[in-house]
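Undergrad: Build me a model:
(6 chains)
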Number of protein chains: 4
Amino acid sequence: MASKAREEKERQILDGAITVFARSGYHKSSIAAIAREAGLAAGTIYLYFRQKEDLIIALFQRYLGDYLDEYEPRIHAEVDPAVRIRNLIRYHLAFFETDHDLAKVFQIHLREVSPLIREGITPVLVRYFDVIDHILQDARARGELDPELDLRLARKVLFGALDEIVTSWARAEHRYSLLAQVDPLYRILSRALGLKGEAECATG
Amino acid sequence: MASKAREEKERQILDGAITVFARSGYHKSSIAAIAREAGLAAGTIYLYFRQKEDLIIALFQRYLGDYLDEYEPRIHAEVDPAVRIRNLIRYHLAFFETDHDLAKVFQIHLREVSPLIREGITPVLVRYFDVIDHILQDARARGELDPELDLRLARKVLFGALDEIVTSWARAEHRYSLLAQVDPLYRILSRALGLKGEAECATG
Amino acid sequence: MASKAREEKERQILDGAITVFARSGYHKSSIAAIAREAGLAAGTIYLYFRQKEDLIIALFQRYLGDYLDEYEPRIHAEVDPAVRIRNLIRYHLAFFETDHDLAKVFQIHLREVSPLIREGITPVLVRYFDVIDHILQDARARGELDPELDLRLARKVLFGALDEIVTSWARAEHRYSLLAQVDPLYRILSRALGLKGEAECATG
Amino acid sequence: MASKAREEKERQILDGAITVFARSGYHKSSIAAIAREAGLAAGTIYLYFRQKEDLIIALFQRYLGDYLDEYEPRIHAEVDPAVRIRNLIRYHLAFFETDHDLAKVFQIHLREVSPLIREGITPVLVRYFDVIDHILQDARARGELDPELDLRLARKVLFGALDEIVTSWARAEHRYSLLAQVDPLYRILSRALGLKGEAECATG
DNA sequence: TATGAATGAGCCTTCATTCAT
DNA sequence: GATGAATGAAGGCTCATTCAT
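TA: Now for the predicted structure:
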């Protein structure tokens, strides 16, 4: 299929973009620099992406989308809400720990962004929120949650905590292990939700 | 000493900047637009701030700094850790609820930002983190906290949750009450920390 | 010798060019768009024309050249100067009425043009001017013209009038008949030249 | 008035533009080159004109507009249709003879042009057409014209003839006198219109 | 102090042209 | 011959910053 090669090249460009964005931030990164990083001419980028803004949208859709494609089924494969939440935490942290540049781009450089970009990003983010919401609703249905819990608020706490932890890790000069935080974080958050069960704290 | 008049004018400029940043974001806001909003000529801004980036640093230092000047003593005036944490939450949400434009700027437009800006912002942010850390350490010293709690992690959860809640409120088209979330959020977070005491849930 | 097939393909490209030029003008028309219109790949065009500018030169040479090849003999076949001039007018207007896109390209989009293009166009145009000049000289030799008439000026008036009439027709939203203007125009122009004879105003 | 200085500078830029356009044509002239010619920085041009296209529109509006402001009353001050037409011719040729660069820009480089530019140019051109139409209508009302003459067609012949004469003069390497053509041209055109009276062929 | 005209570096984007397949 | 991916030069335009008034 012709689009194999195309997808290949798109990935090559996006990888260049991650590197350059991580180094200089979105607004200070020129298309020329990204092209150089990707080993291409500047004009070539425009054969694959219509505008600079599309790069960052594609980045988000591609990387977070792929993540969700892979992990959403895995999370739902579990039934125990506690394990699900622990896995949510673990996968989230593991995802970013793999690629520090990507973490910087997602956590730092993707934040102030034009409405157009926002529009491109929102659907994928919403998909992630939906995963969390689903976990929480299911947990409540099974009676494993504090019945008074405001689920939307709970999701914001969950996501906000994860987000902040990854952000401060991405900003830190010194690289420490994100995954080491899975268990302590799980303990805090399961308590926050009033989770009854307890996930085994060995890897799931 | 910076004269009264000077500080007055700086505030006038910063207020213009908040309005314009909130409307268009930092990178799409021109000095000319800020000057127009502030009722000044573009050149005048440079009599008060050396660069565009200084505006955003000053914004942060001024507004968050003032906030801390006022609330840090208030928080420490309390002794009960539970009340302190509830107040932390309440003040935080109240602060942003007062000024939606400021919330947009702080939560959205201040996020992708050059290292220089980061450098200017960090000290104030650290000061806020210190307030939280201090509350937590004190709570632990009083034996009111889960003794196994990783305090730094706890602080990130706390801050991350607050941050996410304000961010999603700032982004929302529809304006809802932030303060209405104080109590449910407090319940979640106090449980997260393993707080023994319970704050009265009437306003403090 | 340029093969039949080659000429065929050149014509195919030029037809695409006319369509695209008529729609967007020369400078806003990309080779890619012309190729698309002609059902070819962009690169293919360069097998037939060395540069974009050559397209417009070829257009002119081909279409105006063919016109002259056909009509020059027809005009000279006539002997009566009055009929000749009437035919000149009629053929000119008929030529453009046939193809509105071509008219737009010739009358509008071919006008601001690089020296190189000018150089390519001039010979064909001169050939047309020569036809007119020849008619006028012959008419004078036959004593049918105002003897004081400056023939070069007369030619400019003739051509200028025709050109303006076609141009305003090409620009007009509403399509009206050009040929309907042959007779009234002939009356004006024959008077302008001081033509003695009178052409029959039925079709020649 | 502050706009004195502004108008001064606009004129300075437009003069630079005429020079550069005349030399290289509109599409091959860069803003940078125009700025250089005008002794300004490139950015400065954008303080006076929003886009490159506005330069050419302003050129047209300014120069042809000023011409009409001056000559429309002068033409109408005359009553004899023959004199009016002779003056029309004389003023037209005199206008361009004064400024060969302007003639090149108007006659050559202003012809293929975006719809936007066309839109800006049309009103002024229409104003000129109206002047001619008015002369012709008035002449007819006075019974000085061939009663069968199609006035719109006559106007096109008049304008087309003048336009072609100036165009070929503007293109010519060798500079000859345009004004020397006033009388012979008047003779041709007054005959074309079937004008009864005759204008004195000394200057009016 | 205040102004706002002027500067000019910088960057996205287009597109004619080339060339390996 | 035909393709269309790749190139890279070129240029319009923005805007932070300066400075003469």
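Undergrad: got the contact list for residue A:160?
TA: B:160-165 (C-beta atoms under 8 Å, 6 or more residues apart in numbering or on different chains). Just so you know, the C-beta spots here come from the backbone N, C-alpha and C atoms, and that holds for glycine as well.
Undergrad: can you name the two of the residues you listed that are farthest apart?
TA: The distance between the two most remote of the contacts of residue A:160 (C-beta to C-beta) is 9.6 Å, for B:160 and B:165.
Undergrad: and the helix or strand of chain A with the lowest mean pLDDT, is it in reach of DNA strand E?
TA: When each helix and strand of chain A is scored by mean pLDDT, DSSP states H and E, helix A:2-24 comes last, with a mean of 92. No: residues of helix A:2-24 contacting DNA strand E under C-beta under 7 Å from any atom of the strand: none, with a closest distance of 8.9 Å.
Undergrad: Export only the CA atoms of that helix, formatted as PDB.
TA: Only the C-alpha atoms of helix A:2-24 are listed here, as PDB (Å, rounded to 0.1, in the frame of the first residue of the first chain):
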ATOM      1  CA  ALA A   2       1.300   3.400  -1.000                       C
ATOM      2  CA  SER A   3       0.300   4.900   2.400                       C
ATOM      3  CA  LYS A   4       2.800   2.700   4.200                       C
ATOM      4  CA  ALA A   5       5.600   4.800   2.900                       C
ATOM      5  CA  ARG A   6       3.600   7.900   3.600                       C
ATOM      6  CA  GLU A   7       3.000   7.000   7.200                       C
ATOM      7  CA  GLU A   8       6.600   6.100   7.500                       C
ATOM      8  CA  LYS A   9       7.600   9.600   6.400                       C
ATOM      9  CA  GLU A  10       5.000  11.200   8.600                       C
ATOM     10  CA  ARG A  11       6.400   9.400  11.600                       C
ATOM     11  CA  GLN A  12       9.900  10.600  10.600                       C
ATOM     12  CA  ILE A  13       8.800  14.100  10.500                       C
ATOM     13  CA  LEU A  14       6.900  13.900  13.800                       C
ATOM     14  CA  ASP A  15       9.900  12.400  15.400                       C
ATOM     15  CA  GLY A  16      12.000  15.300  14.300                       C
ATOM     16  CA  ALA A  17       9.300  17.600  15.600                       C
ATOM     17  CA  ILE A  18       9.300  16.000  19.000                       C
ATOM     18  CA  THR A  19      13.000  16.400  19.300                       C
ATOM     19  CA  VAL A  20      12.900  20.100  18.200                       C
ATOM     20  CA  PHE A  21       9.800  21.000  20.200                       C
ATOM     21  CA  ALA A  22      11.300  19.400  23.300                       C
ATOM     22  CA  ARG A  23      14.400  21.400  22.800                       C
ATOM     23  CA  SER A  24      13.000  24.800  22.000                       C
END
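Undergrad: What residues of it count as buried?
TA: Using 16 or more other C-beta atoms under 10 Å in any protein chain shown as the test for burial, helix A:2-24 gives A:9-10, A:12-22.
Undergrad: Packing partners of the helix or strand that contains residue A:122?
TA: Assigned by DSSP states H and E, residue A:122 belongs to helix A:115-141. Counting contacts by 3 or more C-beta pairs under 8 Å, 6 or more residues apart in numbering or on different chains; DSSP states H and E, helix A:115-141 is packed against helix A:52-77, helix A:81-98, helix A:151-171.
Undergrad: Between those, which one is closest to DNA strand E.
TA: Distance to DNA strand E, taken as C-beta to the nearest atom of the strand, is lowest for helix A:52-77 among the helices and strands packed on helix A:115-141, at 3.9 Å.
Undergrad: chain center to the closest one: distance?
TA: 7 Å (C-alpha atoms, centre = their mean, to the nearest Å).
Undergrad: so does it get close to DNA strand E?
TA: Yes: residues of helix A:52-77 contacting DNA strand E under C-beta under 7 Å from any atom of the strand: A:52-53.
Undergrad: Now do the contacts for the spatially most central residue of chain A.
TA: In chain A, the residue lying closest to the centroid (C-alpha atoms, centre = their mean) is residue A:64, at 5.2 Å. Applying C-beta under 8 Å, 6+ apart, we find residue A:64 in contact with A:106, A:124-125, A:128.
Undergrad: Switch the residues you listed over to TSV; also include distance to DNA strand E, neighbour count and pLDDT.
TA: Shown next, in TSV, are those (distance: C-beta to the nearest atom of the strand, whole Å; neighbours: other C-beta atoms under 10 Å in any protein chain shown; pLDDT from 0 to 100):
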residue	distance to DNA strand E	neighbour count	pLDDT
A:106	19	25	94
A:124	21	18	94
A:125	23	13	95
A:128	27	18	97
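Undergrad: which one of those residues is nearest residue B:100?
TA: Looking across those and measuring by C-beta to C-beta, the closest to residue B:100 is residue A:125, at 21.5 Å.
Undergrad: That closest one and chain B, how far apart?
TA: Distance of residue A:125 to chain B, given as C-beta to the nearest C-beta, to the nearest Å: 11 Å.
Undergrad: before we move on, back to that, most neighbours out of the contacts of residue A:160, which is it?
TA: Highest neighbour count within these: residue B:161, with 27 neighbours (other C-beta atoms under 10 Å in any protein chain shown).
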